[in-house]
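**Q** dropping a prediction and its sequence here:
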Amino acid sequence: MDEVGEAYRGVRIRVSELVAACDDPALAVPAPATPEWTAHDLLAHLVGVTADIVSGNLDGVGTDAWAAAQVEARRGVGCDALIAEWTEHGPVVEEMAGQFGRAAGQLVSDAVTHEHDVRGAFGAPGARDSDAVVLSFGFLGLSLTEQLDSAERGALVVHHDGATDTVGTGEPVGSLRIDDFEFMRALTGRRCIEQMAAYDWDGDFAPEHLVLARFAARPDPLVE
């Protein structure tokens with residue numbers, strides 16, 4: 001198992017332990033970060049991703065429709081059964097993850113993003129410096145690089161957790177000091193413009209350009 005598989009395994013174990021300790025009413029509460037999904041829905045999606053990979057059900061992989069089908073197929077399925085399904089398919093995916101190329105980054109970043117959505121639903125913050133969060137910086141940063149380059153917005157120098165990286169290949173127009181966790185939450189639409197504007201910026205980079213195109217900035221602050 002490579003580092004991607006190990007990182008995904010960590011997410012799976014942490015989320016499984018977290019939801020197993022919660023009662024059914026808590027699982028039915030909408031997650032603040034994803035108000036259209038409850039904690040049960042988030043778990044169903046995470047479980048469904050591994051089941052679909054193992055079964056080869058990859059038509060529309062990564063789309064909203066693909067994820068929605070995973071949630072709908074498991075509506076009404078109990079938490080124990082969902083964890084059991086994840087325990088069956090998760091290790092298979094973890095062993096395969098090193099073969100996925102760039103899709104491995106998407107797998108881990110999606111999973112760890114939803115880990116913290118679940119944590120938000122339960123008011124149980126933690127694991128903000130996990131290997132999955134660190135790995136997600138690279139995948140999300142590459143996605144942001146492509147987005148900035150396509151729009152010719154210039155590059156952003158990011159000082160994060162003892163490292164400095166540049167996203168975008170153009171001339172730097174700004175710099176940002178931020179930790180990996182907050183970077184991940186901003187790029188995946190878990191922060192509003194006001195929250196992003198309050199980051200430690202230098203230069204003329206517009207905060208709203210942090211958000212990846214497949215997401216949208218929140219309309220109101222999310223405090224986690």
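**A** That came through, no problem.
**Q** pick out the residue nearest the middle of the protein.
**A** Taking Cα atoms, centre = their mean, the centroid of the chain lies closest to Thr113, which sits 2.3 Å from it.
**Q** just give the closest residue to it, not the sequence neighbours.
**A** Thr188 (5.0 Å; Cβ to Cβ, 6 or more residues apart in numbering). Every residue, glycine included, has its C-beta placed from N, CA and C.
**Q** contact partners for that neighbour?
**A** Contacts for Thr188 (Cβ atoms under 8 Å, 6 or more residues apart in numbering) come out as 109, 113, 140, 212, 215.
**Q** what's the answer for Leu148, then?
**A** By Cβ under 8 Å, 6+ apart, the contact set of Leu148 is 154-156, 167-168, 170, 209.
**Q** confirm that it sits in a helix.
**A** Yes: membership of Leu148 in a helix is supported by DSSP: H, G, I helix; E, B strand; the rest coil.
**Q** low-confidence ranges in the chain?
**A** Counting by pLDDT under 70, the chain shows low-confidence ranges at 1.
**Q** so how far is Pro91 from the residue lying farthest from the centre of it?
**A** Here the chain reaches farthest from its C-alpha mean at Glu171, the gap being 28.2 Å by Cα atoms, centre = their mean. Separation of Glu171 from Pro91 (Cβ to Cβ, to the nearest Å) stands at 46 Å.
**Q** repeat for Gly120
**A** With distances taken as Cβ to Cβ, Gly120 is found 27 Å from Pro91.
**Q** these two: which is more packed in?
**A** Taking neighbours as other Cβ atoms under 10 Å, Gly120 and Pro91 compare with Gly120 leading, 21 against 16.
**Q** for the strand or helix carrying the more buried one, packing partners?
**A** Applying DSSP states H and E as the criterion places Gly120 in helix 102-122. In this structure, helix 102-122 makes packing contacts with helix 3-20, strand 30-31, strand 34-38, helix 39-55, helix 131-151, helix 180-187, judged by 3 or more Cβ pairs under 8 Å, 6 or more residues apart in numbering; DSSP states H and E.
**Q** now stretch 182-201: buried residues?
**A** For stretch 182-201, burial by neighbour count (16 or more other Cβ atoms under 10 Å) applies to 182-193, 195-196, 201.
**Q** sorry, that was for stretch 212-224
**A** Buried residues in stretch 212-224 (16+ other Cβ under 10 Å): 212, 217-218, 224.
**Q** roughly how far does Asn57 sit from Ala81?
**A** Distance of Asn57 to Ala81, computed by Cβ to Cβ: 19 Å.
**Q** contacting residues around Val61?
**A** Here Val61 is in contact with Asp52 (Cβ under 8 Å, 6+ apart).
**Q** ok so, going back, doesn't Ser136 make contact with the residue nearest to the centre of the chain?
**A** Yes: using Cβ atoms under 8 Å, Thr113 is in contact with Ser136, at 7.5 Å.
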